[in-house]
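Asker: Below are the sequence and a predicted model for it; my questions follow.
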Amino acid sequence: NAGVTQTPKFQVLKTGQSMTLQCAQDMNHNSMYWYRQDPGMGLRLIYYSASEGTTDKGEVPNGYNVSRLNKREFSLRLESAAPSQTSVYFCASRDRGVDQPQHFGDGTRLSIL
Amino acid sequence: DQQVKQNSPSLSVQEGRISILNCDYTNSMFDYFLWYKKYPAEGPTFLISISSIKDKNEDGRFTVFLNKSAKHLSLHIVPSQPGDSAVYFCAASEAIYDMRFGAGTRLTVKP
């Protein structure tokens, strides 16, 4: 009954370091998403993957890359971390249909010094 | 620009009373609206939704109202319970892969 699993839960990086955030879902959903949550800003979409093998930019993609490794896994990579990327990152998945809600992981809290 | 706005950062109500959380949007192309609930250190969880062809949807203690002419939706919780204390996010969707979230309203229900 795991749903969406994100690793790690916490991470501290230095400016310029690289990092990959992992996400896996066990609900056989086609679509997967990466969001960041900042105070007063709500959740903003970074990248999404409509299906295995496809990825597209969201609202705030700069400084990030993603990989849809297979149907279950969708990773987010920071190639050269910047303090502005300090945030809480959420991964989500969704079944087919516009009326289907997204299911979220518990988040990764990332601090960049 | 924020297409979905929740103008009240916080709301406090007494247990047993009604909680009303509000949300405004600017994009008239949004056709599906959702409310999510978030506890600390957890991800948001889906609460209730409404299609743009409806003006009301009810699920137990939770009711969502949509006023398309005013580009406004609200979430009513009756009666409010201490376990409802959380941050509530309003979200709106135009295309299947594009969902915009509000900044959230922190609800506190006092015993």
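Answerer: Yep, that arrived. Numbers count the residues shown, from 1 in each chain, chains lettered A, B, ... in the order given.
Asker: List the neighbouring strands of the lowest-mean-pLDDT helix or strand in chain B plus their orientation.
Answerer: When the helices and strands of chain B are scored by mean pLDDT, DSSP states H and E, strand B:98-101 comes last with a mean of 85. Using DSSP bridges, strand B:98-101 pairs in its sheet with strand B:86-95 (antiparallel).
Asker: what comes up buried for the strand it pairs with?
Answerer: Neighbour-count burial for strand B:86-95, with 16 or more other CB atoms under 10 Å in any protein chain shown as criterion, is recorded at B:86-94. For glycine as for every other residue, the C-beta is placed from the backbone atoms N, C-alpha and C.
Asker: so how far is B:Lys5 from the residue in chain B that chain A sits nearest to?
Answerer: Of all residues in chain B, B:Gly43 sits closest to chain A, at 3.2 Å by CB to the nearest CB. Remark: distance between B:Gly43 and B:Lys5 (CB to CB, to the nearest Å) = 22 Å.
Asker: if we can go back for a sec, tally of neighbours for the residue of chain B closest to chain A?
Answerer: Residues lying near B:Gly43 (other CB atoms under 10 Å in any protein chain shown) number 23.
Asker: again with B:Ala70
Answerer: 9.
Asker: where's the closest residue to it other than its chain neighbours, which helix or strand?
Answerer: Take B:Ala70 and drop its neighbours on the chain: the residue closest to it by CB to CB, 6 or more residues apart in numbering or on different chains is B:Asp24, 8.0 Å away. Per DSSP states H and E, B:Asp24 falls inside strand B:19-25.
Asker: Find out how far that strand is from the centre of the chain, if you would.
Answerer: 6 Å (CA atoms, centre = their mean, to the nearest Å).
Asker: Poorly predicted segments of chain A, please.
Answerer: A:1 (pLDDT under 70).
Asker: Which residues of it lie near chain B?
Answerer: Taking CB under 8 Å from any CB of the partner chain, the part of chain A that reaches chain B is made up of A:4, A:31, A:35, A:40-45, A:48, A:50, A:56, A:58-59, A:90, A:92, A:97-99, A:101-107.
Asker: on that earlier part again, show me the contacts for the residue nearest to B:Ala70.
Answerer: Applying CB atoms under 8 Å, 6 or more residues apart in numbering or on different chains to B:Asp24 gives the contacts B:4-7, B:70-72.
Asker: go on, B:Glu58?
Answerer: Contacts of B:Glu58 by CB under 8 Å, 6+ apart are B:Val64.
Asker: Would you mind giving the secondary structure of it?
Answerer: strand (DSSP: H, G, I helix; E, B strand; the rest coil).
Asker: Now A:Asn70. Nearest residue, chain neighbours left out?
Answerer: Nearest non-adjacent residue to A:Asn70 (CB to CB, 6+ apart): A:Glu52, at 6.3 Å.
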